[in-house]
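Student: Turn this into a structure:
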Amino acid sequence: MARFVAFSRYISQSGSRISMSKPLSCMMINGDRGFSTINNTTTGQKSEDSNVYITELNGGFLKVNMDENQKHPKPIETCKNAANDRDDSVSVSISKYHEPKQLESSLPETVLQYERQRRKTQAAKRASAPLHKSQLLIKYNDENIIVVNKPSGVLTVPGINSNPSLLSLVYEEIIDEIDDNMKMEHMIIHRLDMDTSGIVIFAKDKDSMSNLQASFRDRNVSKTYVALVCGHISLKVDSGSIDLPLQRDHKHPPFMRVATDISEMEARQVVKDLNHAGYKKMIKKKPKPSQTMFRVLRREYVRGKDNEEKIPVTRLELTPITGRTHQLRVHCAAIGHPILGDPAYGIMGEASPNGGFEEKALEKIVPTRASIKLQIRLDKFVKDNDQCMCLHAKTLCIEHPKRREKLVFEHQPSFYKFCIT
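Tutor: Purely as a prediction, here's the structure:
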C-alpha cells in the first residue's frame with residue numbers, strides 16, 4: 001500500500017549521521033492512499049515500504065534523497081555540514097512519500113499522446129535543420145583545444161542520422177589547425193543535450209584528447225549550469241542537494257527517470273518480455289547514483305502575452321556531481337520544478353512526468369511545487385515566444401591538457417534578460 005507520512009522533530013547533527021532528540025510531534029495523515037504508521041515514535045522507525053524519497057530542510061539547505069534503508073546510494077558527502085555555522089540543535093522538517101504502483105497523470109492521456117508526438121516531430125526538425133557559420137561562437141582557441149558556446153537546439157555531435165552539428169561547424173572552421181592523424185570524431189570530449197546551450201570544449205590533437213577525456217572521467221572538471229525552473233521554490237530554501245538514482249525509463253525510452261524498487265521491478269519484467277519475444281540482446285542496466293547540488297539565485301517572473309500577467313519562475317545554479325544522461329532535467333522535474341521549456345521532462349513532455357513520480361504525491365511532499373495549471377501557463381509562454389529550453393552550461397573549469405594551468409570559461413545564457421523580479 002502506498003503511504004505518506006510527515007513529522008517534525010528537533011534533531012542534532014552528529015558527524016555524518018542525524019540523531020534524534022526531544023521528539024515533538026508525529027502526525028499520521030489520512031491521504032488518498034490510506035494511513036501510514038510509525039512503530040517507534042522515539043527513533044522514527046521507517047515503514048517497510050521502500051519506495052520512498054525523503055526531503056530534509058535544515059537552515060535553508062534542502063536535502064533530497066532516497067530512503068537510506070534502500071540499496072540506493074546515500075546522500076553526497078557535501079551535505080554533512082550544511083548547517084555548520086548554526087546552533088547544534090536545529091529544527092528540521094522531514095517529509096516522506098511512497099510511490100504508488102500505478103503512476104497517474106492529471107492530464108488526459110489523449111492530450112499527452114498528441115503533445116508527445118508533436119514534440120518528437122519538432123525535435124526531429126530541429127535536429128535536421130541546416131547550420132550556418134554565424135551560429136559558431138568561439139570563446140577560446142589555441143594549438144591544443146578550442147572552446148565554443150553551443151546554441152540551444154543544435155546537436156553537439158552528428159549522431160546516427162548524420163545530422164548537422166556543432167562538431168561539424170567547428171571541424172570545418174579549424175580543419176587546417178588540426179593534427180593530420182585527427183579525425184573529426186576524435187575531437188569529441190563531452191556533449192550537451194540538443195536543447196541545452198553553453199560551453200563545449202573540443203580537442204585538436206590526440207594527446208590533448210586523451211588528457212581531457214581523463215579529466216572528465218576522473219571528475220577533475222568543474223561545471224556549473226544556470227536554469228530557469230517553473231514556479232517559485234519555497235522561500236525557506238536557499239540551496240540544497242538532490243541525490244536520486246537514475247535509470248532508463250522503460251515506459252518512455254530512451255528517456256530517463258528516478259529509479260525506485262517498483263520501477264526496477266517493472267523494467268526487469270519489460271526486458272524479460274522482450275527477450276521472450278525474440279529480442280535476445282536486451283539487458284537491463286542497473287540504476288546509477290546521480291547527485292546534483294543547487295543554489296537559488298533569484299525568484300523571478302516572466303510576462304504573459306498580454307504583458308500584464310506575471311508568471312513565477314526560479315533561477316537556479318546547478319552543479320552536477322555525477323554526469324548522467326539528462327540528470328539535471330530529471331532531478332528538477334522530480335522535485336516539482338521542471339526546467340522551463342523542457343520538451344521531454346516538462347509539462348506534456350515525451351518522458352514520464354515528475355521524474356517518474358505521481359502528481360498527487362509531489363503535491364504532498366512539495367506543497368510549493370509548480371502546479372499543473374502553472375506549468376501549462378508557462379508552456380504557453382514558451383510557445384508564444386518561441387523560447388528554447390532554459391538550461392545553460394555557464395561555466396567550465398578545467399586544466400589545460402598540455403600546459404596544466406587552470407582555465408575557466410564562461411558564457412551567459414540567452415535567457416538572461418527576459419525575466420523580471
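Student: What pLDDT does the model give residue 21?
Tutor: Predicted confidence (pLDDT) for residue 21: 30.
Student: show me where the stretch 201-350 of the chain has helices.
Tutor: Under the criterion DSSP state H, counting those that start in this stretch, the stretch 201-350 of the chain contains helices at 206-217, 261-276, 327-334.
Student: Checking residue 162 next. Helix, strand or coil?
Tutor: At residue 162, secondary structure determined by DSSP: H, G, I helix; E, B strand; the rest coil is coil.
Student: Kindly report the same for residue 118.
Tutor: With three-state DSSP as the basis, residue 118 sits in helix.
Student: any weak-confidence spans in the stretch 1-150 of the chain?
Tutor: Across the stretch 1-150 of the chain, the ranges flagged by pLDDT under 70 are 1-52, 67-106.
Student: what's around the closest residue in space to residue 136 that isn't next to it in sequence, how many residues?
Tutor: Leaving aside its chain neighbours, residue 136 sits nearest to residue 169 (4.8 Å; criterion: Cβ to Cβ, 6 or more residues apart in numbering). For every residue, glycine as well, the C-beta is placed using N, CA and C. Neighbours of residue 169 under the rule other Cβ atoms under 10 Å: 19.
Student: correct me, but residue 169 touches residue 133?
Tutor: Yes - at 6.9 Å, residue 169 and residue 133 qualify as touching, with contact defined as Cβ atoms under 8 Å.
Student: any idea which residue of the chain is furthest from its center?
Tutor: Going by Cα atoms, centre = their mean, the residue of the chain most distant from its centre is residue 180, 38.7 Å out.
Student: Geometrically speaking, which residue is the centre of this protein?
Tutor: By Cα atoms, centre = their mean, the mean C-alpha position of the chain lies nearest to residue 328, the distance being 1.8 Å.
Student: give the contact list for it.
Tutor: Shown in contact with residue 328 (Cβ atoms under 8 Å, 6 or more residues apart in numbering): 225, 227, 292, 318, 320, 339, 391.
Student: one more time with 7 Å
Tutor: Residues in contact with residue 328 (Cβ atoms under 7 Å, 6 or more residues apart in numbering) are 225, 227, 292, 318, 320, 391.
Student: Could you do residue 127 as well?
Tutor: 155, 163, 194.
Student: How about residue 349?
Tutor: Residue 349 touches 119, 342-343, counting by Cβ under 7 Å, 6+ apart.
Student: how about 10 Å then?
Tutor: Taking Cβ atoms under 10 Å, 6 or more residues apart in numbering, we find residue 349 in contact with 112, 115-116, 119, 252, 255, 329, 333, 338, 342-343, 379.
Student: what stretches of the stretch 151-300 of the chain score poorly on pLDDT?
Tutor: Along the stretch 151-300 of the chain, segments meeting pLDDT under 70 span 280-284.
Student: would you list every one of the strands in it?
Tutor: 197-203, 222-230, 239-243, 246-248, 256-258, 291-303 (DSSP state E, counting those that start in this stretch).
Student: Compare the ones you listed and give me the one nearest residue 401.
Tutor: Taking Cβ to Cβ, strand 197-203 is the member of the strands of the stretch 151-300 of the chain nearest to residue 401, at 7.1 Å.
Student: got the angle between that closest one and helix 206-217?
Tutor: 140 degrees (axes from the mean of the first three to the mean of the last three Cα atoms, to 10 degrees).
Student: Please name the nearest non-neighbouring residue to residue 377.
Tutor: residue 311 (5.4 Å).
Student: residues contacting the one you found?
Tutor: Counting by Cβ under 10 Å, 6+ apart, residue 311 touches 230-231, 300-304, 340, 374-375, 377-378, 380-381.
Student: Next, format the residues you listed as CSV and append distance to residue 218.
Tutor: Converted to CSV, these look like this (distance: Cβ to Cβ, whole Å):
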residue, distance to residue 218
230, 35
231, 37
300, 36
301, 41
302, 39
303, 45
304, 46
340, 33
374, 41
375, 38
377, 44
378, 38
380, 44
381, 41
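Student: which of those are buried?
Tutor: 230-231, 300, 302, 304, 340, 374-375, 377-378, 381 (16 or more other Cβ atoms under 10 Å).
Student: thinking again about what came up before, by neighbours, which of the contacts of residue 127 wins?
Tutor: Neighbour tally across the contacts of residue 127 (other Cβ under 10 Å): the maximum, 23 neighbours, falls on residue 155.
Student: contacting residues around that residue?
Tutor: Contacts of residue 155 by Cβ under 10 Å, 6+ apart are 126-129, 131, 161, 163-168, 191-194.
Student: between those, which is closest to residue 407?
Tutor: residue 192 (18.2 Å).
Student: any idea how far the closest one is from residue 301?
Tutor: Taking Cβ to Cβ, to the nearest Å as the measure, residue 192 and residue 301 are separated by 27 Å.
Student: now swap in residue 334 and tell me
Tutor: Relative to residue 301, and taking Cβ to Cβ, residue 334 is found at 24 Å.
Student: And for residue 324?
Tutor: Distance check for residue 324 against residue 301: by Cβ to Cβ, it reads 31 Å.
Student: tell me which of the contacts of residue 155 is nearest to residue 417?
Tutor: residue 192 (21.3 Å).
Student: got the contact list for that closest one?
Tutor: Residues near residue 192 by Cβ under 10 Å, 6+ apart: 150, 152, 154-156, 166, 198-200, 225, 391-393.
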